[in-house]
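Chemist: Here is a sequence with its predicted model. Questions after.
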Amino acid sequence: MATKVIEQGASTSVFVQKVQDYKMLVKLRLTLTVVFSSVMAFLIASDGQWTWAAVGILALGGFLVTGAANTLNQVLEKDYDKLMTRTANRPLAAGRMTVSEAVLAAGFMSLIGISLLALFNPWAAFLGTLSMVFYAFVYTPMKRISPLAVLIGAIPGALPTMIGCVAIEGQLSLLALCLFGIQFFWQFPHFWAIGWLGYEDYSKAGYKLVPMKDGKMDDKETGWQSFLCALVLLPVSILPYMIGVSGLTSAILVGLLGLGYIIMSWAFYQKPERKTALRLMFYSFGYIPFSLILLFVDKI
């Protein structure tokens, strides 16, 4: 009897570990954030003409495509993940999962996810595929070559809002381009703050995610470029109002959020240190969800 209990306990432990490994493999929190952006863009563009079934299909399709991209990213970077403290415990890096299992999972996720997006229209399926391929096979290897990787990574990073829009609209509209622009420019201060904070760890794997000078991180240039992108984001963020999609209330509130982003970025430029970088990073976490929620609430 005792042996059976031990075996059941061991089996449960293995199952729990496998679930945890797959959560790390798809980067669960990041993937859910991506899905949220896509669903909110879908709702903003829908003018109230949506169903829960459609939202569920979009969310699941987006989750699987994003999960596949993150899985392929870890397959390609498993040897580099071993070198960094923050990634050493990932299932592939730690040896708890084989490459073949991860590739098979990515294959199934991408196939099902793209098929679900195709239920809306070809645009949604195409952009979902483009996002996955660009993230896994262009952005991922570029990270060890040049800080331009951040620019390249910002493209698939901003595509979820565009996918949400085209899923309901069936075309590449001005709203889709506006929401893409917002998420595109938002990413630079966000990722440079993260890159600055994790510079030493990233350097162990040879990643170049911040502006460099003489082979070292250029603090001032990192802060300056963060500030410039936050500055550009402000007028871009009120474009939905300019094209008549949202109201003045959301334009003002989103503008105020953008002003706060500028202030945080300027503080980081003026004094590049852990405290200002952390403030910028944490502020950036809230900017996109709050902006999208404001645009949606203003429409309804």
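Modeler: Perfect, I can see it now. All values derive from a computational prediction rather than experimental measurement.
Chemist: When you work out contacts or count neighbours from here on, use the C-alpha atoms and nothing else.
Modeler: OK.
Chemist: so where's the stretch 1-150 of the chain uncertain?
Modeler: With pLDDT under 70 as the threshold, the stretch 1-150 of the chain has low-confidence stretches at 1-11.
Chemist: which residues of it fall in helices?
Modeler: Across the stretch 1-150 of the chain, reading from the start of the chain, the helices by DSSP state H, counting those that start in this stretch fall at 2-25, 28-46, 52-81, 99-118, 122-134, 140-142, 148-169.
Chemist: Include distance to Glu200 when you put the ones you listed into JSON lines, please.
Modeler: What follows is the helices of the stretch 1-150 of the chain, written out as JSON lines (distance: least, Cα to Cα, whole Å):
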{"stretch": "helix 2-25", "distance to Glu200": "22"}
{"stretch": "helix 28-46", "distance to Glu200": "22"}
{"stretch": "helix 52-81", "distance to Glu200": "14"}
{"stretch": "helix 99-118", "distance to Glu200": "27"}
{"stretch": "helix 122-134", "distance to Glu200": "26"}
{"stretch": "helix 140-142", "distance to Glu200": "18"}
{"stretch": "helix 148-169", "distance to Glu200": "17"}
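Chemist: Which one of those lies nearest to Ser284?
Modeler: helix 28-46 (12.6 Å; Cα to Cα).
Chemist: Which elements pack onto that closest one?
Modeler: Other helices and strands packing on helix 28-46, by 3 or more Cα pairs under 8 Å, 6 or more residues apart in numbering; DSSP states H and E, are helix 52-81, helix 148-169, helix 274-299.
Chemist: Reformat those helices as a markdown table; add distance to Thr98.
Modeler: Listed next are the helices and strands packed on helix 28-46 as a markdown table, based on distance: least, Cα to Cα, whole Å:
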| stretch | distance to Thr98 |
| --- | --- |
| helix 52-81 | 9 |
| helix 148-169 | 26 |
| helix 274-299 | 33 |
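Chemist: hey, which of those helices is tucked in deepest?
Modeler: Comparing these on average neighbours per residue, with mean count of other Cα atoms under 10 Å, the densest one is helix 148-169 at a mean of 24.
Chemist: re the thing from before, select, out of the helices of the stretch 1-150 of the chain, the one closest to Trp266.
Modeler: Shortest distance between Trp266 and those, using Cα to Cα, is found for helix 148-169: 19.6 Å.
Chemist: after the closest one, next one along is what?
Modeler: Toward the C-terminus, helix 148-169 is succeeded by helix 174-197 as the next helix or strand (DSSP states H and E).
Chemist: Return the alpha-carbon coordinates of that next one using CSV.
Modeler: As requested, C-alpha coordinates have been extracted for helix 174-197 and formatted as CSV (Å, rounded to 0.1, in the frame of the first residue of the first chain):
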residue,chain,number,x,y,z
LEU,A,174,-6.1,52.6,-40.7
LEU,A,175,-7.1,51.5,-37.2
ALA,A,176,-5.0,48.3,-37.5
LEU,A,177,-2.0,50.5,-38.6
CYS,A,178,-2.6,52.9,-35.7
LEU,A,179,-2.7,50.2,-33.0
PHE,A,180,0.3,48.5,-34.6
GLY,A,181,2.1,51.9,-34.4
ILE,A,182,1.2,52.3,-30.7
GLN,A,183,2.5,48.9,-29.7
PHE,A,184,5.5,49.2,-32.0
PHE,A,185,6.9,52.4,-30.5
TRP,A,186,6.0,51.4,-26.9
GLN,A,187,8.3,48.5,-27.1
PHE,A,188,11.6,50.4,-27.4
PRO,A,189,11.7,52.1,-23.9
HIS,A,190,10.2,48.9,-22.5
PHE,A,191,12.9,46.5,-23.9
TRP,A,192,15.8,48.9,-23.4
ALA,A,193,14.9,49.3,-19.7
ILE,A,194,14.8,45.5,-19.4
GLY,A,195,18.0,45.1,-21.5
TRP,A,196,19.8,47.7,-19.4
LEU,A,197,18.7,46.0,-16.1
